[in-house]
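In: Build the 3D model from these lines:
(chains A, B, C and D)
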Protein chains: 2
Amino acid sequence: MGIIQRREREKLEMRQLIVSAAIKMYLDEGYEKLTLRGIAKRIEYAPGTIYLYFKDKDELFHAMHEWAFERLFEKFSALTHIHDPLDRLNKLGFVYIQFAFDNPELYDLMFILNEPMCAIKEQHGWECGFKVYNFLRATVEECVQKKLLKGDNTEFIAFSMWSLVHGMVSLQLRNRLDLFDKLGVSEGFDKELLIKSSVEMMLKLMKA
Amino acid sequence: MGIIQRREREKLEMRQLIVSAAIKMYLDEGYEKLTLRGIAKRIEYAPGTIYLYFKDKDELFHAMHEWAFERLFEKFSALTHIHDPLDRLNKLGFVYIQFAFDNPELYDLMFILNEPMCAIKEQHGWECGFKVYNFLRATVEECVQKKLLKGDNTEFIAFSMWSLVHGMVSLQLRNRLDLFDKLGVSEGFDKELLIKSSVEMMLKLMKA
DNA sequence: GCTTTTGCTGAACAATGTTCATTAAATTTG
DNA sequence: CAAATTTAATGAACATTGTTCAGCAAAAGC
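Out: Numbering: from 1, shown residues only, chains lettered A, B, ... in the order given. The predicted structure is shown next:
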């Protein structure tokens, strides 16, 4: 029965077509302008068709969310060759921050928006997030075992580090760092530099 | 001219009436169910009336946002009596976290949602946020001057601490910590404990 | 008492996510 | 190959949303 195989393949291709169009539209025009009608028009299908491939908009967001995680995981993977775990940990932080600045909309999808997580609750867990987090966790674990860091609780340390960079990045993405513009510093105050410098300081502080 | 004074007062009262109804509705039914028609019905006015007091929904969000900041500032103010700045810094963190867990919707409004910041761009800056942040900043400054902390850059330290707790709290609010449920830990894994313990660890680490 | 200003109305508009009866095409069956 | 059946896609329709605006009634000014 080659036919049902082909059908399955076509179904996946169609799903991918929709997701690609959605991502392109999302990156081009932003969150609010990403509409199902717009996506449908872009791929030259009727709006209702999307519902044959996705239960609702949340599920489409989830698919985009997974795609975004693959992009970040690629960046992380490029660091596996670094032998010194402390060095790797450092780079990991900077890659994470750089990714957020380069792809703010994707970061939103991955770590801030509610939508993709609604779809997750009804399906399997948050595997893509888990996978990326484990990269950090494993590196921290290695540092802990080699006693390169202060403290010995891998869980707490990894979580704290993630939270630290996520906190900085998400405050920036949500314009909460505009606060620093008023603090007497120069007008076009560089938030990216503030973040990177602060992370650098914290990492130094945590070294054994 | 007592009349225009009364008018001005009535205008403010009406604004407050709308904001109160909006907050009540927001806390009762959540972000998505907060609709202008719903608010109008609640205060027994026509939908269009709200636009006589607020330019758009974002501006209403901004007013709610300011109200929320007053609530947090009250909590912070209760800590002014603590003399030891390091102790105050500790408590500050826990009050912040507790506030977020007790009032997740308000926290959203204050630090995660985009809406209230749109209204800010067109008006004066983010004064309410600035005020609350300065509370933290001043406490850190005091610790730095008394050499109670490692490091001497008040700006970096205060920003890092804010980011750390905000990161933890916002990851939790956006269900990104569900990841830890799969990590083999117990099912009803206590996120609040994880957060508070991690912050505790980090604070110890930063003590001079 | 007439005119002007003000506050409020609620119908109307455009846009959204979502559903579903209907149609067209592909596949299976006889 | 023709008929029957299953599948894919349509696009009009529905309920909601934020927002606007011509009209209207009451208050204020003269």
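
In: Tell me where chain A has strands.
Out: In chain A, no strands are defined using DSSP state E.

In: by contact count, what packs against the lengthiest helix in it?
Out: If you go by DSSP state H, chain A has its longest helix at helix A:2-29. Counting contacts by 3 or more C-beta pairs under 8 Å, 6 or more residues apart in numbering or on different chains; DSSP states H and E, helix A:2-29 is packed against helix A:36-42, helix A:57-77, helix A:104-107. Backbone N, C-alpha and C define where each C-beta goes, glycine included.

In: and the angle for it with helix A:57-77?
Out: Compare the direction of helix A:2-29 with that of helix A:57-77 by axes from the mean of the first three to the mean of the last three C-alpha atoms, to 10 degrees and you get 80 degrees.

In: What pLDDT is listed against the residue of chain A found nearest DNA strand D?
Out: In chain A, the residue that lies nearest DNA strand D is residue A:48 (2.0 Å; C-beta to the nearest atom of the strand). Looking at residue A:48, its pLDDT is 97.

In: contacting residues around the closest residue to chain B within chain A?
Out: Here the residue of chain A nearest chain B is residue A:167; by C-beta to the nearest C-beta that distance is 2.7 Å. By C-beta atoms under 8 Å, 6 or more residues apart in numbering or on different chains, residue A:167 lies in contact with B:162-168, B:170.

In: Now do the same contact list for residue A:53.
Out: Counting by C-beta under 8 Å, 6+ apart, residue A:53 touches A:11, A:14-15, A:18.

In: touching DNA strand C at all, the helix or strand of chain A with the lowest mean pLDDT?
Out: Ranking every helix and strand in chain A by mean pLDDT, DSSP states H and E puts helix A:115-122 at the bottom, with a mean of 88. No - applying C-beta under 7 Å from any atom of the strand, one finds helix A:115-122 out of contact with DNA strand C, separated by at least 9.7 Å.

In: returning to that earlier point: distance from the longest helix of chain A to the middle of the chain?
Out: 21 Å (C-alpha atoms, centre = their mean, to the nearest Å).

In: need the residues of chain A near DNA strand D, please.
Out: A:7, A:11, A:14, A:44-49, A:52.

In: What subset of these is buried?
Out: A:14, A:45 (16 or more other C-beta atoms under 10 Å in any protein chain shown).

In: Check the residues of chain A next to DNA strand D one by one and keep those near DNA strand C.
Out: A:7, A:47-48.

In: Quick check: closest non-adjacent residue to residue A:75.
Out: residue A:95 (5.1 Å; C-beta to C-beta, 6 or more residues apart in numbering or on different chains).

In: how deep is that neighbour tucked in, by neighbour count?
Out: Close neighbours of residue A:95, defined as other C-beta atoms under 10 Å in any protein chain shown, add up to 15.

In: now do residue A:12
Out: Neighbours around residue A:12, by other C-beta under 10 Å: 11.

In: what does residue A:80 give?
Out: 10.

In: cool, residue A:106 as well?
Out: Neighbours of residue A:106 (other C-beta under 10 Å): 21.

In: now swap in residue A:87 and tell me
Out: Counted with other C-beta under 10 Å, residue A:87 comes out at 14.

In: ok, residue A:177 touching residue A:191?
Out: Yes - contact between residue A:177 and residue A:191 holds when scored by C-beta atoms under 8 Å: they sit 5.0 Å apart.

In: Now do the contacts for residue A:154.
Out: A:137, A:140-141, A:144.

In: Could you do residue A:172 as well?
Out: Contacts of residue A:172 (C-beta under 8 Å, 6+ apart): A:100, A:191, A:195.

In: If you rank these by neighbours, which is first?
Out: residue A:195 (27 neighbours).

In: And for that one, nearest residue in space, chain neighbours not counted?
Out: residue A:168 is the one closest to residue A:195 (C-beta to C-beta, 6+ apart), at 4.6 Å.

In: can you list the weak-confidence ranges in chain A?
Out: A:1-3, A:183-188 (pLDDT under 70).

In: Tell me how far the residue of chain A closest to chain B lies from residue B:116.
Out: According to C-beta to C-beta, to the nearest Å, residue A:167 and residue B:116 sit 19 Å apart.

In: do the same with residue A:29
Out: 23 Å.

In: now do residue A:117
Out: Distance of residue A:117 to residue B:116, computed by C-beta to C-beta: 22 Å.

In: Compare these two (neighbour count), which wins?
Out: residue B:116 (26 against 18).

In: Not counting residues beside it along the chain, what's closest to the more buried one?
Out: residue B:65 (3.7 Å).

In: count of residues packed around the one you found?
Out: Neighbours around residue B:65, by other C-beta under 10 Å: 24.
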